[in-house]
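K.L.:
Below are the sequence and a predicted model; questions follow.
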Amino acid sequence: MQFDIARLSSKGQFVIPGKVRKLLGLRTGTKLALFTDGANILLQPIPAPDASAFRKLAEEAKKTALNAKEKKGAKK
């Protein structure tokens, strides 16, 4: 388990120490989910969407739209 200290700014911001960012593979723009039980805070990285999975979904949506258009044209 890694231990470090961060200081809260007047704007409610804090910096995750570099060695922790490196350990978790956090980069600029990484989104974090924040959980609390009232006494503790847990930050969990939200994985970036998989581009290949997105392309597959987009292709399936395109095929569905084309099929619907063809069916609509055939009914006329």
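P.N.:
Here it is on my side, so go on. Numbering: from 1, shown residues only.
K.L.:
what about the helices in the protein?
P.N.:
Using DSSP state H, the helices of the chain run over residues 18-24, 51-75.
K.L.:
Looking at the last one now, give me its mean pLDDT.
P.N.:
Right, helix 51-75. Averaging pLDDT along helix 51-75 yields 85.
K.L.:
how far does it sit from the chain's center?
P.N.:
In this view, helix 51-75 has its centroid 25 Å away from the chain centroid, taken as C-alpha atoms, centre = their mean, to the nearest Å.
K.L.:
thinking again about what came up before, now tabulate the helices of the chain in JSON lines and tack on distance to Ala33 and mean neighbour count.
P.N.:
No exception for glycine: its C-beta is placed from N, CA and C like everyone else's. Listed next are the helices of the chain as JSON lines, based on distance: least, C-beta to C-beta, whole Å; neighbours: other C-beta atoms under 10 Å:
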{"stretch": "helix 18-24", "distance to Ala33": "13", "mean neighbour count": "12"}
{"stretch": "helix 51-75", "distance to Ala33": "20", "mean neighbour count": "9"}
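K.L.:
Make JSON lines out of these and add distance to Met1.
P.N.:
Formatted as JSON lines, the helices of the chain follow (distance: least, C-beta to C-beta, whole Å):
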{"stretch": "helix 18-24", "distance to Met1": "11"}
{"stretch": "helix 51-75", "distance to Met1": "32"}
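K.L.:
These: which one's closest to Ile41?
P.N.:
Ile41 sits nearest to helix 18-24 of all the helices of the chain, at 13.7 Å, using C-beta to C-beta.
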